[in-house]
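**Student:** dropping a prediction and its sequence here:
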Amino acid sequence: MYVYQEEEIHQLDKIAASNGLSTNALMETSGRSLYFELTRLVSIRQSILILAGKGNNGGDAIVLARYLLQNGYQTELVFPMGLPKSEVAKEHFRYYQSLGFPYLEEIPKKQTYDVIIDGLLGVGTKLPLNDTMMKIVSWCNNQPSLRIAIDLPTGVVANFGEVETAFQADYTFSLHGYKPSAFLLPASAFYGKSKVLDIGLPHPSQWKIWSEADFTNTWKTRNKDAHKGTFGTGLLLAGSDEMPGSALLAGLASMKIGIGKLIIGTTPFVASIIASRLPEATYWFNGLNKLPNGDWPVGVKGIAIGPGLTDTLLVEEAIKKIWETNIPVILDAGALQKREYPKRNAPTIITPHPGEFSRITGLTTAEIQKNRLKLASDYAQEHQVIVVLKGANTVIAFPDGSGVINITGNPALAKGGSGDTLAGMILALLCMGENPKIAVANAVYLHGLCADELVKTRNENTIVASELSNILGELIYTLTHNIS
Ligand SMILES: NC(=O)C1=CN([C@@H]2O[C@H](COP(=O)(O)OP(=O)(O)OC[C@H]3O[C@@H](n4cnc5c(N)ncnc54)[C@H](O)[C@@H]3O)[C@@H](O)[C@H]2O)[C@H](O)CC1
Ligand SMILES: [K+]
């Protein structure tokens, strides 16, 4: 499941056309795929209104209308913005007319329809919508009909989350791949259920949705001759006297996901509180104070620093020392500041929520939320770090420009401690020897999936972060017990 920005779709069409697969052919495939998808939702007795715009989104709608009419569906094709203007849509319109099929230029508003198809605007949308378009969209949204959007709901742009008014779709059938706005609020709320239709183009996209198959294909089972050293030693610098639980939550998550050995660098007070709940970890008293002197526990394969840490000066001193090593590091919570990152031969992973990303970048959270993919990706490439931008549909951007969108998770995660848990999960998978991209993607995926599993039987308000780690075992078992 890949994600494409507007420019990438236009580029792919151009390349296909110059190599012999015309846009006309792609439009035919799009309309035909839409027809087959639609017949799974709509019966032949239902009335269908198809709204076609002047561009290629309207062209897809014309092809769809032809297939529906050829197969006996009660279909009305309307061009409320005027007749097709794009050359390819014109070609399909000519063919449509040659078959004697009818069309209208105004919506017959006295009638109601079982289904309304939105083929008004697609990836060529420029906001704002003009008045006529606004009125049409509002009219559609007030109809009792099932609403289906072609490629994206009119009023939503492909790349960003901004929306004023948009077609409120029940279903959106996206062509070739998802568009970023399907994962960016408020736009994503207009998509309804979305599904990608294959139209025969290749997939050069660097951005994908992390799926269950991605998880199961990459999850490694433990070898029979494994010992605790096989699964790495992690150093967790976390927890302060005011926030002792952060160290516990991150530590629990690390151990329950499978790390071999965990050393928690924290205060004696925090250790005395949490050790009885996490006796499997070892404790390095005042590790944060000792680290700047170069006093290291041996054999550490990964470091997470920040959960529950408040002493910024101490954290910064520790980070300076960490920069001298080639140990993978996760900077979370109290370790997230505006900073430069030195060149190292090990991944640096930052895990900000939008507020923290705002602190790091100087952008407002509203700016960040509208454009999460691009901003995370720009930062990752500029600073050569892995950015885990948390929130609904966590975005993971890699330094090479590629990225992953996670679609597991729900509002149960909007609670203190869930970030600590995620940091612990990432630390463990890194230490267990996983490739950093996969480690981060799988940790984010599992973290969300734990919450999805819990809300199957529980109210989302009532779930606390430690419960995520508690169900990891069963969840991973269910996902992987068929893997040989
Ligand atoms: N590879 C693929 O995925 C394919 C997708 N196809 C479909 O083509 C559209 C994109 O078509 P394009 O002609 O580039 O853009 P649109 O149809 O979205 O609209 C362009 C048209 O609309 C005018 N316009 C833009 N904004 C507004 C506005 N706010 N108000 C009024 N009018 C507006 C603009 O000036 C143009 O005239 C894609 O989404 C798919 O549906 C193809 O089938 C080929 C393969
Ligand atoms: K549309």
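**Tutor:** Looks like it arrived, so ask away. Ligands and ions are numbered 1, 2, ... in the order given.
**Student:** near ligand 1, which residues of the stretch 101-250 of the chain show up?
**Tutor:** For the stretch 101-250 of the chain, the residues found near ligand 1 under the criterion CB under 6 Å from any ligand atom are 121-127, 129-130, 133, 150-151, 175-176, 201. Heads up, the C-betas are built off the backbone N, CA and C, glycines and all.
**Student:** which of those residues lies closest to E367?
**Tutor:** Distance ranking of those against E367, using CB to CB, places L127 first at 16.0 Å.
**Student:** phi, psi for the nearest residue to P399 once chain neighbours are set aside please.
**Tutor:** Using CB to CB, 6 or more residues apart in numbering and skipping residues adjacent in sequence, the residue nearest P399 is Q384, 4.4 Å away. When quoted as degrees, to the nearest 10, the phi and psi of Q384 stand at phi 60, psi 50.
**Student:** got the phi and psi for the residue of the stretch 201-350 of the chain found nearest ligand 2?
**Tutor:** Going by CB to the ion, ligand 2 is nearest to L201 of the stretch 201-350 of the chain, at 18.7 Å. For L201, the backbone dihedrals (degrees, to the nearest 10) come out as phi -90, psi 160.
**Student:** got a list of what it touches?
**Tutor:** Neighbouring residues of L201 by CB atoms under 8 Å, 6 or more residues apart in numbering: L12, A16, L21, L26, H176.
**Student:** report all helices and strands that the lengthiest helix in the chain contacts.
**Tutor:** For the chain, the helix with the greatest residue count under DSSP state H is helix 436-454. In terms of contact count using 3 or more CB pairs under 8 Å, 6 or more residues apart in numbering; DSSP states H and E, helix 436-454 is assigned the packing partners strand 207-210, helix 212-218, strand 386-389, strand 395-397, strand 403-406, helix 418-431, helix 465-470, helix 472-480.
**Student:** same for the longest one, what does it pack against?
**Tutor:** Taking 3+ CB pairs under 8 Å, 6+ apart as contact, the helices and strands that helix 418-431 lies on are strand 233-237, helix 244-257, strand 300-305, strand 329-331, helix 436-454, helix 465-470.
**Student:** next one: the residue of the stretch 201-350 of the chain closest to ligand 2 relative to E474, how far apart?
**Tutor:** Counting by CB to CB, to the nearest Å, the gap between L201 and E474 amounts to 40 Å.
**Student:** do D198 as well
**Tutor:** Relative to E474, D198 is positioned 34 Å away (CB to CB).
**Student:** OK, contacts around V63?
**Tutor:** Counted by CB under 8 Å, 6+ apart, V63 has contacts M27, E28, S30, G31, R32, L34, Y35, H92, Y96.
**Student:** ok, S272 next?
**Tutor:** With contacts defined as CB under 8 Å, 6+ apart, S272 has no neighbours.
**Student:** secondary structure element for it?
**Tutor:** Of the helices and strands defined by DSSP states H and E, S272 is found in helix 268-274.
**Student:** next one: I322
**Tutor:** helix 312-323.
**Student:** now do the buried residues in that helix.
**Tutor:** Neighbour-count burial for helix 312-323, with 16 or more other CB atoms under 10 Å as criterion, is recorded at L314, V315, E317, A318, I319, I322.
**Student:** just give me the closest of those residues to N461.
**Tutor:** Checking the buried residues of helix 312-323 one by one against N461 (CB to CB), the nearest turns out to be V315, at 32.3 Å.
**Student:** secondary structure class for F101?
**Tutor:** Secondary structure state of F101, per DSSP: H, G, I helix; E, B strand; the rest coil, is coil.
**Student:** pretty sure it sits against A65.
**Tutor:** Yes. Between F101 and A65 there is a contact at 7.1 Å, judged by CB atoms under 8 Å.
**Student:** those two - which one has more neighbours?
**Tutor:** Using other CB atoms under 10 Å, the more surrounded residue of F101 and A65 is A65, with 28 against 16.
**Student:** ok, the spatially most central residue of the chain to L152 distance?
**Tutor:** If you average the C-alpha coordinates of the chain and look for the closest C-alpha using CA atoms, centre = their mean, you land on I405, 2.5 Å from that point. The span separating I405 from L152 equals 16 Å under the rule CB to CB.
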